[in-house]
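**Q** Fold the following.
(one chain, ligands or ions: 1)
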Amino acid sequence: MTITGQSLIGAASVPGTNGAFHGIDARTGDALEPAFGGATQHDLERACTLAEAAFDTYRETDLEARAAFLETIGEQINAIGDALIERCMAETGLPRARIEGERGRTVTQLRLFAAVLRNGDCVDARIDPAQPERRPLPRVDLRLRNIALGPVAVFGASNFPLAFSVAGGDTASALAAGCPVIVKAHGAHPGTSELVGRAIQRAVQICGLPEGVFSMLFDSGIAIGQALVADHRIKAVGFTGSRAAGVALMKIANARPEPIPVYAEMSAINPVVLLPGALAARGAAIAQPFTVSLTQGAGQFCTNPGLVLAVQGESLDAFEQAASAALANIGAATMLTPGIHANYCKGVERLAANPNVEQLASGAEGGRFDAQAALFATTADAFLAQPALRDEVFGPASLIVRCKDLNELHGVLKGLEGQLTVAVHLDAADHEACRMLLPTLERKAGRILVNGFGTGVEVGHAMVHGGPFPATTDARTTSVGSRAIERFLRPVSYQDLPDALLPAALRAANPLGITRRVDGVIDHEVRKDD
Ligand code: NAP
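**A** From the prediction side, this is the model:
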């Protein structure tokens, strides 16, 4: 399949004339062909006009049609075959197995949202029937359902070129909700983006949907992405990336005459708490999976364990020695972009130069854009005194904080910013300590896990991939799992509408056959039109 370097606007391919850029071979830094033309304001205008025109039709497509559309996108992605894997490997430096796994996850996410639609619970249909006999006042007939928010802007993530990019979780959940999507393709993998974007474009055509349901713009700078967020037709934003960019987009969204939600996933250091019983019993054993979690994917996971908290002593010494020995054997791995590599090197240099920080170990050196893993240690006093030590170093680096006792460890936890995950390693003897920490952990993180690490985010119904700022800009939601659809829905109440004017989800005959809440109680009698 040919990559043209053109933006996809509705059913058309448009060569951008607003500057140009190339994809970069992550290993060598060489430019990959072809050049990608930056979208113009005119292109943006056209994409937004088409999305707005498609919205009312698309949001009222029946749940089955939308489910089939999501599945068709998955089929079209699989149909690209090896060309997608090879281009993605070149642009990201990630190995084949990882990219193939991510493709599988991308298709699984699309299928998950298809199942969510068929189930119908996302409509959240509620009926409080009229009570004309009620005294002193009769009760009105009230019916509620969720509707789509409107066209959504999605910023693809650099670190998940498939599963959190053009057809990734944000796009899948927004399309499932009934929102047209305009993707701002990430400059780190433009060829991959075009291949996937064309798969979605084909699925729109196969399913007979309005062309404005999907567009994708290449941006040679940041102006088009910013203008997209500012456009009055866009009603929500999905973003994964740096704190600086996420906050910049949030400010633009808040400054609009009509502010809109920005669901940005940004920065987390994902503390790992090693409680005394577990540390004494198996500190060295915990070190092995810790180094694997720290270094997989060159550490470029939002759930990477960038911070370890434990009480100082012989058991922690054993953990540090085992982790240092394991890390020394870890080969360097290519990072996603020269920019991300440069940021990582700066972060590691900053830690290494800090007089209150001790460098415990380094991984093997590698090529020009490879990340060399690094493990550091500091005291709780220094960590509490220097806020900069809490900054994310995106890549395979972690900082161990040696605490005098559990109370000091608790104090360090209380001082942390919001996190995506907190991992606690515990044995039965640690239950009381964990019970003491749990209220703080709940306030800090979207996911609390035991005897594991946050990397490896299950795509399911009970997953929360989110957390308080700066992990995300909205702790009430998740960007992974079926609940992600709720970000792009809003409730509407219908008071005393005649049955013939009600949306199908709320009509007396329940033609969609979905479960509904009647007077607050789930009505299991699911009926369809005769
Ligand atoms: P990024 O710089 O935040 O870029 C993400 C997207 O936002 C890109 O499409 C980028 O456009 C755009 N963008 C950047 N700054 C913007 C601004 N001021 N206004 C509007 N749009 C803007 O993230 P990245 O390139 O993926 O990686 C850079 C750093 O982000 C990493 O070193 C790491 O620290 C952090 N990061 C964190 C996570 C995480 O999950 N925690 C994930 C990825 C990255 P261009 O492509 O045109 O630059």
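**Q** Could you list the residues of the stretch 301-450 of the chain in contact with the ligand?
**A** Cys302, Ile340, Asn343, Phe394 (Cβ under 6 Å from any ligand atom). For every residue, glycine as well, the C-beta is placed using N, CA and C.
**Q** So which bits of stretch 11-27 are buried?
**A** Neighbour counts over stretch 11-27 (16 or more other Cβ atoms under 10 Å) mark Val14, Gly16, Asn18, Gly19, Phe21, His22, Gly23, Ile24, Asp25, Ala26, Arg27 as buried.
**Q** Kindly check the end-to-end length of it for me.
**A** Distance between the two ends of stretch 11-27: 34 Å, counting by Cα to Cα, to the nearest Å.
**Q** quick one: is that stretch near the ligand?
**A** No. Stretch 11-27 stays clear of the ligand (Cβ under 6 Å from any ligand atom), getting no nearer than 8.1 Å.
**Q** quick revisit: ok, the residues of the stretch 301-450 of the chain next to the ligand vs Met1, which is closest?
**A** Distances from Met1 to these, taken as Cβ to Cβ, are shortest for Ile340 (27.2 Å).
**Q** That closest one: which element?
**A** Per DSSP states H and E, Ile340 falls inside helix 338-353.
**Q** Show me what that helix packs onto, helices and strands only.
**A** strand 370-371, strand 374-379, strand 397-403 (3 or more Cβ pairs under 8 Å, 6 or more residues apart in numbering; DSSP states H and E).
**Q** longest helix anywhere in this protein?
**A** Longest helix in the chain by number of residues (criterion: DSSP state H): helix 96-119.
**Q** Quick check: buried residues in that helix?
**A** Quick answer for helix 96-119 (16+ other Cβ under 10 Å): 98-100, 102-103, 105-107, 109-114, 116-117.
**Q** Now do stretch 276-287: everything it contacts.
**A** Stretch 276-287 has contacts (Cβ atoms under 8 Å, 6 or more residues apart in numbering) with 274, 310-311, 315-316, 318-323, 326, 406, 425-430, 433, 451.
**Q** Give the rounded mean pLDDT of it.
**A** The average pLDDT for stretch 276-287 rounds to 97.
**Q** What of stretch 123-134?
**A** 98.
**Q** Take that stretch, keep the C-alpha atoms, and write them as CSV.
**A** C-alpha atoms of stretch 123-134 as CSV (Å, rounded to 0.1, in the frame of the first residue of the first chain):
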residue,chain,number,x,y,z
VAL,A,123,-27.2,4.6,26.5
ASP,A,124,-28.0,4.6,30.2
ALA,A,125,-31.8,4.7,29.4
ARG,A,126,-33.9,5.7,32.4
ILE,A,127,-37.6,6.1,32.7
ASP,A,128,-39.5,7.7,35.6
PRO,A,129,-43.1,7.2,34.3
ALA,A,130,-45.7,9.9,34.9
GLN,A,131,-47.8,9.7,38.0
PRO,A,132,-50.9,11.8,37.1
GLU,A,133,-52.6,10.8,40.4
ARG,A,134,-49.8,11.8,42.7
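**Q** From the chain's centroid, how far away is that stretch?
**A** From the chain centre to the centre of stretch 123-134 is a distance of 37 Å (Cα atoms, centre = their mean, to the nearest Å).
**Q** Give me the contact list for it.
**A** With Cβ under 8 Å, 6+ apart as the test, stretch 123-134 has contacts from 63, 138-146, 489, 491, 496, 505-506, 512, 514-520, 523.
**Q** Which of those residues fall within helices?
**A** When DSSP H defines the helices, the subset of these inside them is Leu63.
**Q** Just the buried ones from the contacts of stretch 123-134, in PyMOL syntax?
**A** To isolate the buried ones among the contacts of stretch 123-134 in PyMOL, judged by 16+ other Cβ under 10 Å, type:
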select buried, resi 63+141+142+143+144+145+146+489+505+506+512+514+515+516+523
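**Q** show me the contacts for whatever residue of the stretch 301-450 of the chain ends up closest to the ligand.
**A** Taking Cβ to the nearest ligand atom, the ligand has its nearest neighbour within the stretch 301-450 of the chain at Cys302, 2.8 Å off. Residues near Cys302 by Cβ under 8 Å, 6+ apart: Asn159, Thr240, Glu265, Ala268, Leu420.
**Q** could those be laid out in JSON lines, adding neighbour count and distance to Gly93?
**A** Shown next, in JSON lines, are those (neighbours: other Cβ atoms under 10 Å; distance: Cβ to Cβ, whole Å):
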{"residue": "Asn159", "neighbour count": "25", "distance to Gly93": "11"}
{"residue": "Thr240", "neighbour count": "27", "distance to Gly93": "18"}
{"residue": "Glu265", "neighbour count": "29", "distance to Gly93": "22"}
{"residue": "Ala268", "neighbour count": "29", "distance to Gly93": "23"}
{"residue": "Leu420", "neighbour count": "29", "distance to Gly93": "24"}
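**Q** can you list these in CSV and add secondary structure and pLDDT?
**A** Listed next are the contacts of Cys302 as CSV, based on DSSP: H, G, I helix; E, B strand; the rest coil; pLDDT from 0 to 100:
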residue, secondary structure, pLDDT
Asn159, coil, 97
Thr240, strand, 97
Glu265, strand, 97
Ala268, coil, 96
Leu420, strand, 98
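**Q** Go through those residues and name the one nearest the ligand.
**A** Taking Cβ to the nearest ligand atom as the measure, the ligand lies nearest Asn159 of the contacts of Cys302, at 4.5 Å.
**Q** Identify the residues contacting the spatially closest residue to the closest one that is not a sequence neighbour.
**A** Residue nearest to Asn159 in three dimensions, not counting chain neighbours: Gln300, with 4.5 Å by Cβ to Cβ, 6 or more residues apart in numbering. By Cβ under 8 Å, 6+ apart, Gln300 lies in contact with Ser158, Asn159, Met335, Leu336, Ile340, Phe394, Gly395.
**Q** returning to that earlier point: list of residues touching the helix holding Ile340?
**A** With Cβ under 8 Å, 6+ apart as the criterion, helix 338-353 contacts 24, 29, 158, 188, 299-300, 335, 357, 359, 369-372, 374, 376, 388-389, 391-395, 397, 399.
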